[in-house]
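Chemist: Fold the following, please.
(2 chains, ligands or ions: 2)
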Number of protein chains: 2
Amino acid sequence: MSEARQHQRQISLGAFLMETGHHIAAWRHPDTHATGGLDYAQLAQIAERAKFDAIFFADSVSVRDTHLPSLSRTARADHFEPLTLLSALSVVTSHIGLVATVSTTFNEPYNVARKFASLDHLSGGRSGWNLVTSSTETEAHNFGFDKHPDHALRYERAKEFHDVVTGLWDSWDDDAFLRDKASGIYFDPDKVHVLDYRGKHFKVRGPLNVARSPQGRPVVIQAGASDAGKELAAQTAEVIFVAHQTLDEAKHFYRDVKGRLARYGRRPEHLKIMPGIFPVIGRTQQEAQDKFDALQDLIHPTVGLQLLSNMSGGVDLSKYDVDGPVPELPETNGGKSRQRLLLDLARRDNLTIRQLYLRIAGARGHQQVIGTPQSIADQLQQWFEEEGADGFNIMSPWLPGGLSEFAELVVPELQRRGLFRTEYAGRTLREHLGLPRPENQFSESTQAAQVAQTA
Amino acid sequence: MSEARQHQRQISLGAFLMETGHHIAAWRHPDTHATGGLDYAQLAQIAERAKFDAIFFADSVSVRDTHLPSLSRTARADHFEPLTLLSALSVVTSHIGLVATVSTTFNEPYNVARKFASLDHLSGGRSGWNLVTSSTETEAHNFGFDKHPDHALRYERAKEFHDVVTGLWDSWDDDAFLRDKASGIYFDPDKVHVLDYRGKHFKVRGPLNVARSPQGRPVVIQAGASDAGKELAAQTAEVIFVAHQTLDEAKHFYRDVKGRLARYGRRPEHLKIMPGIFPVIGRTQQEAQDKFDALQDLIHPTVGLQLLSNMSGGVDLSKYDVDGPVPELPETNGGKSRQRLLLDLARRDNLTIRQLYLRIAGARGHQQVIGTPQSIADQLQQWFEEEGADGFNIMSPWLPGGLSEFAELVVPELQRRGLFRTEYAGRTLREHLGLPRPENQFSESTQAAQVAQTA
Ligand SMILES: Cc1cc2nc3c(=O)[nH]c(=O)nc-3n(C[C@H](O)[C@H](O)[C@H](O)COP(=O)(O)O)c2cc1C
Ligand SMILES: Cc1cc2nc3c(=O)[nH]c(=O)nc-3n(C[C@H](O)[C@H](O)[C@H](O)COP(=O)(O)O)c2cc1C
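Modeler: Ligands and ions are numbered 1, 2, ... in the order given. The predicted model follows:
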């Protein structure tokens, strides 16, 4: 039985790390380091000891200072730049994947291709890129724009950006570098490839000045949930991070996105869908609930209201009665899918504005599970087995305590059920996720195979 | 005597690290790791044990593939992205400064400000930015340009870029973050500053989403030697990296640049001038010369010729007789100062093309010193005492051997003479270099002081 289970499909786990934790008031929790000196090495090592597939950092390129009275009561104004941080963490870890968010709207593809390839070399094949298009006006204002570029335009640019980056990652054949001291030949000039990309948004010649990296290409992750976002993911992503409230939603999304893969010649198992989970863990249900309530009590009302406004794409809700119903929200240029998600939630459970902000204060629209290790494992198992998810992004309410509780209590429960690894089988992020190492689109062997297929 | 020497002006030392070493054929040296797995941690630790001020990585954003037959015989096609690499190295070092090159021509200031501030936090105040404008066509082709932007335009953009970055580094007062769990106030909203920069090249609102860093601002280094380059350095740089062939040149440059400082209200000791030195060290002069000749013998002629062509701003010299005189070179849009430097050298010593390429194969226009630890120390001392230099960028011919020889043989000689520290006195790069911690241009105390001065 346990032998057989070794070979069944297993859950992937990411540790989504964020300052002092995902709960908006986490920094006030007595166990978090509120000194700003949070030890990320410790967090990475907790996740690695528990055999997580990856640690993950979100990112934005602004301070959302539209409302300082609330922002100044949160730990959301300053954070490390994720690639700089992950490079440092690559040294104090050996197996765990290292996933950083970088926006395609405010960067140049050559720079981004290099950084992830560099990190892949530094870490022995553990880097992953969460490709986002960014969604806030404050970010646009730091990059010369008066307003945030249109949703459709952002996704058009994102597709080109992806194609340039992956093309640059294929600049060199895996065996291009000979480094033969005797003959004096350092690389084989026939094994370097000029991309010469010319699109609407980019003109990039290449080649990349970094050898092909251990994973061939760093893993590409996406987190957009609009139709444009899903279509881009179906074309290009290997992992999707997503927020769902219910298993039904999750199953619908899962079928929808996996169903789009065939038209790009891709197989369902080559795209992993990982919803976020915000777990509050207790030995009893009551203990878990008490932990959660203690965190909720730390939320200042001005913070809650503003959080909701941010999540709904910048809509100002302060003029409505906080204990009245959630109004219809005007369309915005920001994150359409998140706004939809909020409204659905409010309607379904008939929530007031205050109830809604308390509801999302922790999980921000992701699944919130408050329970015992068994009941949390039950829920993950159900989502996984009923094809709502291939894995989960664990969003610990506060750090490091919330993550170590998950590592010590929930992970062993998943392992007992044969749903999660007890040891790393490989060394690269691709190996952990069960993703194939991509062929080089330019190498002779790949092209020969394509010709053979066509013939 | 040695007591008094403790307080005299001391030499600054940077370890300019480059793949397998600075000599173009270094990778073929029997002692270098030609596997591409060069251990940078080891190099950083050698430099730190010897109490160097900093390690430094140059950078370019292209493969210079204009001539593959020669490029493929060098280790110059692939290298780590410097910031990614230095973040990793910050973990395995504790005191040494970490200097990365980033171009102002192919980046956005918000991203650059963040990365260096992040590295400064990660490393406890050790980051430095070598601000360059880049000078090769192949780089421009990776960023949407058909040709490299004009020299003057690049420097105009560079000045704005610098002002945006340093402005963003001052987004927060040093004491802005209170993190007071009891009151729930994370930061003081009166201590965050919106830059709102509007220039010809950039429109950047701010604030930066990183707290003010341990050094206040990472150290700004520059390496342009044209008139525009020197003027920008006089206005903005705290360190200059430069290439000189003779002490006369060095003294002239030193006086020139230091003389420009007064008009920007700056003091001479707040700008450190550090020429590059390419040291080949032997117990006897003959041993040193033999080591150098052995390296020179490893240069393939096609590599030498192309190196010269690259250094002279892209001019093709293959049509001239390699054993004939160096012709007058046409003006190019690339590095004007480097081209001048080459021609001066050829004329002064009456060199053929072959002799010229052999001459620059190691030092690339920097001072080449071949000698005993004593004679090398003599030369550094002379340059330092006669005000040709405040310190030196050590460009080891091959790695790690060339650097460990310098650390074990030359550094102790400088220490015996009281010219170099035997222990780090501080923890930050600014402290090593004797540079003041910059005031925050926006903080109330700075503004009060300015008002007082004006009154
Ligand atoms: C788990 C998760 C993590 C995300 N991380 C980021 C992030 O770090 N930065 C960002 O700009 N957007 C992030 N997003 C937002 C999406 O990438 C996307 O930009 C947003 O949903 C708007 O795009 P859409 O209209 O396609 O949904 C994240 C979304 C999810 C579900
Ligand atoms: C020691 C030293 C290091 C340099 N490192 C770089 C570098 O890493 N990247 C770069 O593009 N240019 C580098 N340069 C070149 C200069 O920054 C500058 O771009 C070049 O000299 C052309 O500018 P100029 O016309 O003002 O001299 C370096 C120069 C020196 C002396």
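Chemist: For the residue in the stretch 351-455 of chain A that ligand 1 sits nearest to, which three-state class applies?
Modeler: Nearest residue of the stretch 351-455 of chain A to ligand 1: A:N393, at 5.7 Å (CB to the nearest ligand atom). C-beta coordinates here come from the backbone N, C-alpha and C atoms, glycine included. For A:N393, the secondary-structure state derived from DSSP: H, G, I helix; E, B strand; the rest coil is strand.
Chemist: Tell me, what's the model's pLDDT at A:L195?
Modeler: pLDDT, A:L195: 98.
Chemist: again but with A:D316, I slipped
Modeler: 77.
Chemist: ok, now which ones touch it?
Modeler: Counting by CB atoms under 8 Å, 6 or more residues apart in numbering or on different chains, A:D316 touches A:S309.
Chemist: tell me the phi and psi of it?
Modeler: phi -90, psi 120 (degrees, to the nearest 10).
Chemist: ok, it to ligand 2 distance?
Modeler: Using CB to the nearest ligand atom, to the nearest Å, A:D316 is found at 47 Å from ligand 2.
Chemist: Then A:L307?
Modeler: A:L307 is 44 Å from ligand 2, by CB to the nearest ligand atom.
Chemist: Surely that residue is within a helix?
Modeler: Yes. A:L307 sits within a helix when classified using three-state DSSP.
Chemist: got any ranges where chain A has weak pLDDT?
Modeler: A:1-7, A:34-38, A:330-336, A:446-455 (pLDDT under 70).
Chemist: the strands in it, which residues?
Modeler: Taking DSSP state E as the test, the strands found in chain A are A:12-17, A:54-57, A:97-103, A:127-132, A:177-180, A:185-187, A:197-198, A:203-204, A:219-222, A:239-242, A:272-281, A:367-371, A:391-394.
Chemist: rewinding a little: okay but the residue of the stretch 351-455 of chain A closest to ligand 1 is in contact with A:F56, surely?
Modeler: Yes. A:N393 is within contact range of A:F56, at 6.5 Å (criterion: CB atoms under 8 Å).
Chemist: Which residue of these two possesses the greater neighbour count?
Modeler: A:F56 (30 against 26; other CB atoms under 10 Å in any protein chain shown).
Chemist: Check the stretch 151-300 of chain A for the residue nearest ligand 2 and tell me.
Modeler: Closest point on the stretch 151-300 of chain A to ligand 2, by CB to the nearest ligand atom, is A:N209, at 12.1 Å.
Chemist: can you tell me how far the closest residue to that residue other than its chain neighbours sits from ligand 2?
Modeler: Nearest non-adjacent residue to A:N209, counting by CB to CB, 6 or more residues apart in numbering or on different chains: B:V63, 4.8 Å away. Computed with CB to the nearest ligand atom, the distance linking B:V63 and ligand 2 is 14 Å.
Chemist: what's B:V63 in contact with, if anything?
Modeler: Contact partners of B:V63, counting by CB under 8 Å, 6+ apart, are A:171, A:192, A:206-209, B:71, B:77-78, B:138.
Chemist: For chain A, which residues are neighbours of ligand 1?
Modeler: A:58-60, A:101, A:103, A:132-135, A:223-226, A:228-229, A:241-243, A:276, A:335-338, A:393 (CB under 6 Å from any ligand atom).
Chemist: what do you get if the cut-off is 5 Å, keeping everything else the same?
Modeler: By CB under 5 Å from any ligand atom, the residues of chain A that approach ligand 1 are A:58-59, A:101, A:132, A:134-135, A:223-226, A:229, A:241, A:243, A:276, A:335-337.
Chemist: ok, the residue sitting nearest the centre point of chain A - contacts?
Modeler: The structure's chain A has its C-alpha centroid closest to A:F241; by CA atoms, centre = their mean the separation is 4.9 Å. Residues near A:F241 by CB under 8 Å, 6+ apart: A:14, A:16, A:56, A:130, A:221-223, A:274-276, A:393.
Chemist: just to revisit the earlier point, close enough to count as contact, the residue of the stretch 151-300 of chain A closest to ligand 2 and B:S62?
Modeler: Yes. Judged on CB under 8 Å, A:N209 makes contact with B:S62 at a distance of 6.2 Å.
Chemist: Determine the number of other residues adjacent to the spatially closest residue to A:G388 that is not a sequence neighbour.
Modeler: Spatial nearest neighbour of A:G388, chain neighbours left out: A:A250 (3.2 Å); criterion: CB to CB, 6+ apart. Neighbours of A:A250 under the rule other CB under 10 Å: 21.
Chemist: what do you get for A:L403?
Modeler: So A:L403, with other CB under 10 Å, has 26 neighbours.
Chemist: ok, now how distant is it from A:E19?
Modeler: Separation of A:L403 from A:E19 (CB to CB, to the nearest Å): 13 Å.
Chemist: for whatever residue of the stretch 251-400 of chain A ends up closest to chain B, phi and psi?
Modeler: Closest to chain B within the stretch 251-400 of chain A is A:H300: 5.5 Å, counting by CB to the nearest CB. When read as degrees, to the nearest 10, the backbone of A:H300 gives phi -70, psi 140.
Chemist: dump the residue contacts of it.
Modeler: A:H300 touches A:25, A:70, A:73, B:184, counting by CB under 8 Å, 6+ apart.
Chemist: Helices - which of those residues land there?
Modeler: A:S70 (DSSP state H).
Chemist: who in the stretch 101-250 of chain A is up against chain B?
Modeler: Counting by CB under 8 Å from any CB of the partner chain, the stretch 101-250 of chain A comes close to chain B at A:106-108, A:110-111, A:114-115, A:117-119, A:121-122, A:138, A:141-144, A:171-172, A:177, A:179, A:181, A:184-189, A:192, A:194, A:202-211.
Chemist: 7 Å instead?
Modeler: A:106-108, A:110-111, A:114-115, A:118-119, A:121-122, A:141-144, A:177, A:179, A:181, A:184-187, A:189, A:192, A:202-207, A:209-211 (CB under 7 Å from any CB of the partner chain).
Chemist: Can you say which of those are buried?
Modeler: A:106-108, A:110-111, A:114-115, A:118-119, A:121-122, A:141-144, A:177, A:179, A:181, A:184, A:186-187, A:189, A:192, A:202-207, A:209-211 (16 or more other CB atoms under 10 Å in any protein chain shown).
Chemist: Work out the gap between stretch A:395-404 and the centre of the chain.
Modeler: 17 Å (CA atoms, centre = their mean, to the nearest Å).
Chemist: what's it in contact with?
Modeler: A:15-16, A:20-23, A:26, A:29, A:31-32, A:38, A:42-43, A:46-47, A:276-278, A:280, A:295, A:362-363, A:366, A:406 (CB atoms under 7 Å, 6 or more residues apart in numbering or on different chains).
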